[in-house]
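Chemist: After the sequence you'll find the predicted model.
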Amino acid sequence: MAFSLQSLASPAIAPSILTADLGRLNHEIESAEQAGVDLIHLDVMDGSFVPNISFGPLVVNAVRQSTSLPLDVHLMIEQPERYIGEFAEAGADVITIHSEATLHTHRAIQQIRSHGCQAGIAINPGTPVSAIHELIPLVDLVLVMTVNPGFGGQAFLPEMLNKILMARYAIDAKDTDVRIEVDGGINADTISDARESGADMFVCGSSLFNPEHPISESLQLLRKAIA
């Protein structure tokens, strides 16, 4: 049976391996799974769409071998349609592209679906929700970036709370079951405001993969904040 985002618990928490110890990645993922996270988030960066480079399909495939959790692959790359097939074959369950990264968002979304994956559309802090209104019925996920993408460990932009709210209004107006994910600066201090604004999926980096605290303890703090 194909994976469905709608089958996830709400709210759902996804650790981003961008801030994990990549030298112990298998252990980090195993610890996250045992702690009870809902899915694994993979930030793919190309050094062009964002000013950083992370990893590609080989790492996604390695993560796929390490866990049975759904893989949430966020493509922060120019012309993502060039690589959608490779990431799907590597084991992605969800593939999210940026509305700003391609002139052919509709075609790219169709391509994601043709590979049997759930489709997401992401918007940067400077992009209004209105830019993706026509795409909402075509996707399973809207990702609102709550920092400018490219680096982990950034502070949450509070002005994005209104954008989350606008995304929730837009989704509800179209009467469709689309999840709202937020990514950037999500921790025990910011997660509750994002939740109240309408988000129901939360990408967490350094607030989960933190050498000072076990991931189980950090996850408990996050879940308590949005209880």
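Modeler: Thanks, I have the structure now.
Chemist: any idea which element N162 lies in?
Modeler: Assessed by DSSP states H and E, N162 sits inside helix 160-173.
Chemist: residues of that helix that come out buried?
Modeler: By neighbour count on 16 or more other C-beta atoms under 10 Å, the buried set for helix 160-173 is 160-161, 163-168, 170-171. For the C-beta atoms, the positions are set from N, CA and C on the backbone; glycine is no exception.
Chemist: Can you lay out those residues as TSV showing pLDDT?
Modeler: TSV is the format used below for the buried residues of helix 160-173 (pLDDT from 0 to 100):
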residue	pLDDT
M160	98
L161	98
K163	98
I164	98
L165	98
M166	98
A167	98
R168	97
A170	97
I171	97
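Chemist: returning to that earlier point: tell me what the helix holding N162 is packed against?
Modeler: When contacts are defined as 3 or more C-beta pairs under 8 Å, 6 or more residues apart in numbering; DSSP states H and E, helix 160-173 packs onto strand 141-145, strand 179-183, helix 191-197.
Chemist: ok, now with 6 Å
Modeler: Here helix 160-173 touches strand 141-145, helix 191-197, going by 3 or more C-beta pairs under 6 Å, 6 or more residues apart in numbering; DSSP states H and E.
Chemist: contacts for that helix?
Modeler: Outside helix 160-173, the residues within contact range by C-beta atoms under 6 Å, 6 or more residues apart in numbering are 129, 133, 136, 142, 144, 146, 178, 180, 193, 197-199.
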